[in-house]
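>>> Here is a sequence with its predicted model. Questions after.
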Amino acid sequence: MDWDELLNLMRTRNAKPERSLYEHSSGTRKRAEYILDRIPHPRELDECILLHVFLHDLGKLDDRFQEKLKGNRKKAPPHAFLGVELASRFLNCEEPYLSIALLSILTHHSDLHEGLYSKEIDGNEKLIVKGKEISSPAELVFTLRENAIDIDFFNEEYGLSPEEVRALYTLFNGLLRVSDWLESANLPAESYYLRSGSSVREAVLKYLSRKGFKPRDYQLYVLGKGGGYFRLPTGDGKTETSLLATPDGATKVIYSLPTITTAETMRRRFEGIFGRETVSFSHGLLFLSLYRRGELGSKLIHRYAMKPVFVSTIDQILLAFLNYPRFPIREFALRGAHWIIDEIHAYTPYTLSLILQAIDYAIKHLGTRVTVMSATLPGPLRGELERLGLGELLPFSKVEERYSSKKRVKVKIRDEGLLEGLDEVSREKGKVLVVVNTVSRARRIYEGLNEMGNEVYLFHSRFINRDKWKKMKLVEEMESGILVATQVVEVSLDIDYDVLYTEVAPVDALIQRFGRVNRRGQKSGRAYVFRPEGERPYLPYHRKSFEESMALLGELENIGSELDLLRVNDAFYERIWDRYEAEIIKPKLETGSLMRLKKAEKILKTRDTFMSLPAIPRPFLDRAIELATNWDELTEEEKIRATIFVIEHTVNVPIWTLESHKHFNEDLYDRFGVFGVELEYREDVGLVE
């Protein structure tokens with residue numbers, strides 16, 4: 001078969017109902033060409049990359065696939081397997097790019113794993129066109145699979161490091177999958193990328209103008225200069241500053257945050273800046289969020305950053321480098337993008353080590369511009385960022401006056417537990433924030449204040465997902481009363497209270513809590529710091545971090561400005577940085593592998609903090625089990641509603657609590673991946689342990 005014969009055959013066979021294989025392949029290639037022109041990559045590979053995109057679906061020429069399209073049969077052999085050998089005849093690429101292109105075709109629907117297409121290889125499946133066997137791909141597929149699994153093969157044969165091979169593979173495969181999806185959804189390639197970095201800056205400046213603000217000098221200083229790192233006090237426009245730094249060549253803005261709550265808040269804010277049609281988002285409750293927006297059909301568009309601006313929790317980015325299913329698409333989104341990491345100080349040593357390793361790979365291999373920011377970026381962490389090539393984007397001399405001129409709170413240290421100060425809290429007026437370190441103490445303080453007749457609310461991590469959404473809105477919108485909360489209010493939330501009562505926590509956490517009070521610096525804020533109670537008062541924090549913070553408390557009481565807070569924070573990190581160093585030097589990412597890793601999500605959930613697992617409390621358990629047991633009898637709409645019910649009524653439970661009260665139902669676990677927990681639940685206090 002020559003080239004003209006292949007094209008004629010592609011015109012006579014369908015890729016989709018009413019759409020020929022030639023039309024689909026040409027449309028996919030056209031989108032790939034637009035995208036390829038926007039991203040950093042070796043330009044000499046263009047012909048090979050685009051040709052492999054055009055040839056990716058040759059397996060659909062098979063008679064059985066055509067019969068399946070017509071509805072005459074239920075199954076056909078996988079077309080990615082069937083077409084790869086035929087594609088190899090027309091791919092005019094040198095090695096190792098030929099092998100990488102063929103591997104990309106082979107895996108454009110199924111990620112690489114040890115058993116990939118073993119059934120088809122063992123059965124020696126052939127490509128059959130008009131009743132004739134025209135290709136036998138089994139031997140080639142076996143060779144491609146085994147060489148890719150043993151990634152050192154490319155180093156031995158072609159002198160490429162595993163990281164270089166991976167970056168090439170995710171370039172080919174990410175581009176192919178994205179272009180294929182866009183064509184199948186009849187979306188233009190322009191919908192995937194920014195028009196330009198200047199379009200981001202213009203949108204932010206217009207947004208500030210609508211809000212009645214003019215850009216500050218330091219914001220004008222960073223225009224188009226990302227990446228790097230910078231520090232700005234809480235409430236001084238870190239988000240807008242980071243967006244204004246977006247460079248001209250940026251393909252996307254990818255904005256990472258620590259929590260679902262902060263990602264949802266920022267998503268709404270970004271939709272106000274850039275327009276809803278421009279923003280995609282993702283986090284652990286994406287299905288629920290999209291259901292409430294009436295957009296379940298756009299799940300893939302949001303999860304895989306298919307719009308120019310992407311807001312997500314940090315785990316959604318790290319999944320790419322831990323080889324979670326479909327990782328090439330996640331990684332491809334970062335190629336040439338402006339990746340902004342907010343509140344980088346907020347992560348444990350383990351997670352921070354993952355982030356730093358991801359930054360290193362993204363800069364070296366994806367052409368990503370990375371901007372890191374925090375109000376309290378400590379000296380040792382700044383040193384690590386500089387080691388990765390991230391310089392100081394905004395010289396501290398330009399913002400030092402912002403710190404030295406602010407003193408939002410006057411700190412008072414109290415040598416007693418917070419429970420002993422409830423009368424004092426109860427007498428406060430305005431918006432009062434009470435932050436404690438554990439859910440159990442938060443519940444006790446809430447109940448004590450409630451008995452005193454106060455207008456009091458509670459927010460922590462042991463609420464079911466349905467109630468978390470309500471609590472999140474309450475935290476942002478309440479105008480008076482007392483909010484009792486745990487660490488969930490520490491980072492990235494634009495909230496402003498009048499007075500703070502808090503337990504001792506690590507210095508960086510305390511500074512974040514201080515930042516929730518007198519946020520605009522227009523009043524006289526107060527912060528009272530109390531001693532935690534219990535046999536192990538340092539929990540849930542690391543003991544050394546807690547003890548070093550206790551030793552520095554006196555300095556917090558004597559701060560003259562927020563510049564002093566930075567000094568205390570740097571001293572704190574100098575004392576505990578050995579814990580971070582021990583994690584940073586350990587390689588953890590899978591950037592030397594092309595294999596998918598299903599356990600990636602579990603790795604991120606457990607990390608080095610207390611492990612928790614999803615469970616459904618007793619009041620909702622029978623209904624959830626009923627839905628799981630009768631799943632096969634439900635209509636598609638009923639299945640969606642059942643899934644939403646389970647997601648809305650799930651809570652993350654500490655593993656030691658779950659082990660004592662677990663209710664295991666096989667149907668519930670197999671269908672939804674959740675346990676039952678034999679504990680009561682109240683909407684006002686959450687899980688009753």
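Structure's in. What do you need?
>>> any idea how far the nearest residue to residue 415 once chain neighbours are set aside lies from residue 420?
Distances taken as CB to CB, 6 or more residues apart in numbering place residue 531 nearest to residue 415, at 6.1 Å, with adjacent residues excluded. Bear in mind the C-beta positions are built from the backbone N, C-alpha and C, glycine included. Applying CB to CB, to the nearest Å, one obtains 10 Å for the distance of residue 531 from residue 420.
>>> With neighbour numbers in mind, choose between these two.
It is residue 531, of residue 531 and residue 420, that has more neighbours when counted by other CB atoms under 10 Å, with 16 against 12.
>>> Could you check how far that one is from residue 539?
When distances are taken as CB to CB, residue 531 and residue 539 turn out to be 14 Å apart.
>>> low-scoring stretches of this protein, by residue?
When residues are selected by pLDDT under 70, those of the chain lie in 492-494, 519-522, 601-611.
>>> How about the most centrally placed residue in it: what's its closest non-neighbour residue?
Among the residues of the chain, the one closest to the centroid is residue 316, at 2.6 Å (CA atoms, centre = their mean). Ranked by CB to CB, 6+ apart and with sequence neighbours excluded, the top spatial neighbour of residue 316 is residue 282, at 4.7 Å.
>>> Quick check: the one you found touching residue 303?
Yes - between residue 282 and residue 303 a contact is recorded at 4.9 Å, counting by CB atoms under 8 Å.
>>> tell me, what's touching those two both at once?
Shared contacts of residue 282 and residue 303, defined by CB atoms under 8 Å, 6 or more residues apart in numbering, are found at residue 316.
>>> contacting residues around residue 248?
Contacts of residue 248 (CB under 8 Å, 6+ apart): 196, 197, 198, 224.
>>> can we see that at 10 Å?
For residue 248, the contact set (CB atoms under 10 Å, 6 or more residues apart in numbering) comprises 194, 196, 197, 198, 199, 200, 201, 224.
>>> Can you tell me how far it is from residue 391?
Separation of residue 248 from residue 391 (CB to CB): 18 Å.
>>> For PyMOL, write a command that selects the buried ones of the contacts of residue 248.
PyMOL command restricting those to the buried ones, with burial defined by 16 or more other CB atoms under 10 Å:
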select buried, resi 194+197+199+200+201
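>>> Looks like the residue nearest to the centre of the chain contacts residue 254 (just checking).
Yes - when contacts are counted by CB atoms under 10 Å, residue 316 is listed as touching residue 254 (9.5 Å).
>>> Pull up the overlap in contacts between those two.
The overlap between the contact sets of residue 316 and residue 254 (CB under 10 Å, 6+ apart) consists of 305, 310.
>>> Residue 178: helix or strand, and which one exactly?
Here residue 178, judged by DSSP states H and E, is contained in helix 162-184.
>>> In that helix, which residues are buried?
By neighbour count, with 16+ other CB under 10 Å as the criterion, the buried positions of helix 162-184 are 162-183.
>>> Residue 278 against residue 311, yeah?
No - the pair residue 278 and residue 311 fails to qualify as a contact (CB under 10 Å) at a distance of 11.0 Å.
>>> Those two: who's more crowded?
Per other CB under 10 Å, whichever of residue 278 and residue 311 has more neighbours is residue 311, with 30 against 19.
>>> my guess is the more buried one contacts residue 252, does it?
No - at 11.2 Å, residue 311 and residue 252 do not qualify as touching, with contact defined as CB under 10 Å.
>>> Show the contacting residues for residue 123.
If you count contacts by CB under 10 Å, 6+ apart, residue 123 has them with 77, 117, 138.
>>> what number of residues lie near the second one?
When neighbours are defined as other CB under 10 Å, residue 117 has 25 of them.
>>> Then the first one?
The criterion is other CB under 10 Å. On that basis, residue 77 has 20 neighbouring residues.
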